[in-house]
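S.K.: need a 3D model of the sequence below.
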Amino acid sequence: MWAVDSGDGAVGSRDDDRLVGPLLRGWRRRALLTQEQLAERAGLSARTIRRLESGDPTAHPHGTSLQLLAAALNLSEADRATLAAAVGGAPDRTAGPGEPAASDGWATPRQLPSNVHGFVGRDDDIARLDKIMGDLGGDDSAPIVISAIDGTAGIGKTALAVHWAHHAKQHFPDGQLYLDLRGYGPGEPVRPADALAALLRSSGVDPDRVPAGVDERSALLRSTLATRRVLIVLDNAKDSDQVRPLLPGSAAVVLVTSRRKLRALSVRHGARHLTLDLLPEHDALELLAEAIGRDRVAAEPEEASAIVRLCARLPLALRLAAERAGGMPGRPLRELAAELADHRGRLAALSIDESPDTDLRSVFAWSYDALDPESARMFDVLGLHPGNGIGVSAAAALAGVPPARAAAALGRLVNASMLEEPFPGRFELHDLLREYSCARAGQDAGLRTPARGRLLQWYVYTAADARAQLAATPHELPIPPDPPEGITPERFAGQRAAAEWFDAEQDAIVEIVRWAGDPRQREAAAVLGQLTWPHFYVRGLWHQMRLVGEAGVDHAVAIGDALLEAKIRNGLSKPYGHLPGCAGKDDIETSRAALAIFERLGIRRGQASSLLNLGSSYRDAKRPEEAREALERARDLYLEEGNQLYAAFALNNLAGLLVDLGRADEALGHARRAVEVIRDGPEPFRLVPALVTLAGVHAARGDHDAAVRTYREAVAAADRLDVRYETVPLRIRLGRQLAAAGAEEEAMEVWREAHRLCLERGDPATEEVERLLGVAR
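M.R.: Numbers count the residues shown, from 1 in each chain. So this is what the prediction gives:
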């Protein structure tokens, strides 16, 4: 302890001052430090060091300055005693300008807010923060480490920071400081100068001794905390510039929360970043149970899970939902789940009027209001996209800006935690932010309608390129060769990339085709649905095909395009033929309607296509004579048009019909010829059903070896071409054929592979395969 002088605040007499200089100079040289290096380490000015070492009679050493010097020089207890004797006492309650006020001891601050009641989960994040602490070690000279916790509004940044601070406070014996920087919220963010004044006062500096300028206050904070093991929680920071002046000396640790990714802190100060994700479902359920009672969750587990999903696993939303449920303890959770399921009122349901920070719309608005105009516009239109994710060029079409500007705006939204980028170049809004975005776009029809139109055009041109990779036959749809100005569609290098795009976008495409209501958008929406046909067919997406087909018919009828209507009706026969309640009725009716239109318009190829589908529907409906007539007419029309490929499709279907009629020998030539033509054709996925027909012909003729070989080839082709709707049925047929040939163990192996695929995909054939395997469920 330093003794306290009752004089003017300077320690010792002027003669004593002359003794201090040689001591400091000797200890500095022993530590191999220059005067500038010692000044930086002690948080003092180099001028002060020079004056003290020179014995300048006007330089009166103050107690706090000597404490800082002793710590910076790592003086032993004996050296400290020597220094105390040399100065003849310690400072009193006053201090020189720009230096911390002297005191008898450190008044340890304990400013953390109360620990979060019912805190759950975040074990990995807490472990990460613990590791950062462990990396610091116990050396006071360890470099400052800033862990910046960022994430979207309401995700629990402050809760985690406060919870961990309580968890780790034993490592900070000199106290914990907490300051809300109000970067997002009502009112203006805290200015760095005001934040520094608050931190200095909390650190024991007399308000009268706080300097005026930011730089001076920042230097004083570093001096004050230079030897103190303190945790500082800076909550709700606006940006890096607000935080940088508040960073103290090397012994303190700072924990920053912000909705922005404070990258400048990483570049200039070595910050460690921790981005929070939405709670896992089990942790979200645990939070809900903690808040409303485990009995209520246990009594209605499905409804509780629905509430968690409807709250997007966002902690603030869950706590607001729990507050709503807690206010009516007798109310069934199913009623709250139903209320939240109404998207039009969900944000209102997740709000409490008592305070702006318990109104989810206000919390989101604080982040939105901090955006620049172009980023705000991008956020407004993103909610119009119906899919689970969006790429840069689609977002550019929505916003009506070039892709480079769109990429920059998306990046700023990610940095502001208003958007997620789960994969490079793929962006997502969580459900509640999507609803907030939709609500904003819904207020401006002048923004909404053109944005949807641009997005639809982007999908048309991108889907056209993707279709060209999957089927080389022309689509013959009304699409101008060049996209409208400002639309930059995706381009694909091959079949795999095109198929992956369709897989990722299939749900969005269905929604876009269905919501196009503007007359100028109807034709494009109908065309988009038709462009998906080859991919939806090989995937066996019959329900999606039906949805886009029926919507497409409505669009074509509304705009009076009979040719487009006929094409769409013709394509609808395929999903109708596979869907319960439609096969044998709707598929026949839609093919007949298409045929009638094509006949009226005099389009022979369209007539042949309708007859081809009509023949398949008649065959499935056990109407063989009508099927034969339709298929033979289709074959002849295709041949007259010079279309040998599609004539082979008719020939293949005729072969299957002949097998049904017990004329397998006659069918063999038809089936072989169909495979021969289709094998090298421009629509490779058509080979799979042709091989299935040929294998069936071999089986019907009793040629088991040929049937097994052909089924194996069909399985390989289906796997190679990713014709998913056939991969399980083909293995069932192959297994049956192997069993018929006496190869029962091979059959079981094939069925086990089919069972694995069923479990992976949730295939409806699971029960049939399990019966073949003898699996009891």
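S.K.: can you pull the buried residues of whichever strand or helix holds S616?
M.R.: Per DSSP states H and E: S616 is located in helix 604-620. For helix 604-620, burial by neighbour count (16 or more other Cβ atoms under 10 Å) applies to 606-619. For every residue, glycine as well, the C-beta is placed using N, CA and C.
S.K.: got the contact list for the helix or strand just after it?
M.R.: Per DSSP H and E, helix 604-620 leads on to helix 624-640 as the next helix or strand towards the C-terminus. Counting contacts by Cβ atoms under 8 Å, 6 or more residues apart in numbering, the residues outside helix 624-640 that touch it are 604-605, 607-609, 611-612, 614-616, 618-619, 644, 646-647, 650-651, 653-654, 657, 660-661.
S.K.: mean confidence for the next helix or strand after helix 624-640?
M.R.: Beyond helix 624-640 on the C-terminal side, the first helix or strand identified by DSSP H and E is helix 644-660. Throughout helix 644-660, pLDDT has a mean value of 93.
S.K.: quick check, C582 in contact with S573.
M.R.: No - taking Cβ atoms under 8 Å as the definition, C582 is not a contact partner of S573, at 9.4 Å.
S.K.: more neighbours, these two?
M.R.: When C582 and S573 are compared for neighbours, S573 comes out ahead with 27 against 19, by other Cβ atoms under 10 Å.
S.K.: any chance you could map the strands in the stretch 1-150 of the chain?
M.R.: Counting by DSSP state E, counting those that start in this stretch, one finds strands in the stretch 1-150 of the chain at the ranges 146-150.
S.K.: again but with the chain, I slipped
M.R.: Counting by DSSP state E, one finds strands in the chain at the ranges 146-150, 176-180, 231-237, 253-258, 272-275, 420-423, 426-428.
S.K.: ok, of those strands, where does mean pLDDT dip lowest?
M.R.: Averaged per stretch, pLDDT over the strands of the chain is lowest on strand 146-150, reaching a mean of 64.
S.K.: can you say which of the strands of the chain is nearest to E505?
M.R.: strand 426-428 (11.3 Å; Cβ to Cβ).
S.K.: for this structure, what's the longest helix?
M.R.: Criterion DSSP state H: the longest helix present in the chain is helix 445-470.
S.K.: give me the buried positions along that helix.
M.R.: Residues of helix 445-470 classed as buried: 447-448, 451-464, 466-470 (neighbour count, 16+ other Cβ under 10 Å).
S.K.: ok, P386 - contacts?
M.R.: 507-508, 511-512, 515.
S.K.: from those, which would you call buried?
M.R.: Neighbour-count burial within the contacts of P386 applies to 508, 512; the criterion is 16+ other Cβ under 10 Å.
S.K.: which of the contacts of P386 fall within helices?
M.R.: Counting by DSSP H, the members of the contacts of P386 that fall within helices are 507-508, 511-512, 515.
S.K.: could I get these as TSV with distance to E666 and pLDDT?
M.R.: Listed next are the ones in helices among the contacts of P386 as TSV, based on distance: Cβ to Cβ, whole Å; pLDDT from 0 to 100:
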residue	distance to E666	pLDDT
D507	45	87
A508	47	90
E511	48	90
I512	47	92
W515	50	82
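S.K.: need the residues you listed in TSV (columns: distance to A195).
M.R.: Formatted as TSV, the entries for those read as follows, by distance: Cβ to Cβ, whole Å:
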residue	distance to A195
D507	47
A508	45
E511	47
I512	48
W515	48
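S.K.: just name the closest of those to P764, please.
M.R.: For P764, the nearest member of the ones in helices among the contacts of P386 is D507. The distance, counting by Cβ to Cβ, is 19.6 Å.
S.K.: who are the contact partners of the closest residue in space to that closest one that isn't next to it in sequence?
M.R.: Of all residues not flanking D507 in the chain, G387 sits nearest, at 6.1 Å (Cβ to Cβ, 6 or more residues apart in numbering). Under the criterion of Cβ under 8 Å, 6+ apart, the contact partners of G387 comprise 504-505, 507-508, 511.
S.K.: 7 Å - rerun?
M.R.: With contacts taken as Cβ atoms under 7 Å, 6 or more residues apart in numbering, G387 has the following neighbours: 505, 507-508.
S.K.: P474 and L611, how far apart?
M.R.: 20 Å (Cβ to Cβ, to the nearest Å).
S.K.: cool, V728 as well?
M.R.: As judged by Cβ to Cβ, V728 and L611 stand 30 Å apart.
S.K.: again, but for E421
M.R.: In this structure, E421 and L611 are 50 Å apart, going by Cβ to Cβ.
S.K.: picking up where we left off before, rebuild the strands of the chain as TSV, extending it with distance to R752.
M.R.: What follows is the strands of the chain, written out as TSV (distance: least, Cβ to Cβ, whole Å):
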stretch	distance to R752
strand 146-150	48
strand 176-180	60
strand 231-237	57
strand 253-258	52
strand 272-275	43
strand 420-423	33
strand 426-428	36
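S.K.: confidence score at the closest residue to P173 other than its chain neighbours?
M.R.: Of all residues beyond its chain neighbours, the one nearest P173 is R229 (5.7 Å), with distances taken as Cβ to Cβ, 6+ apart. The confidence metric pLDDT takes the value 82 at R229.
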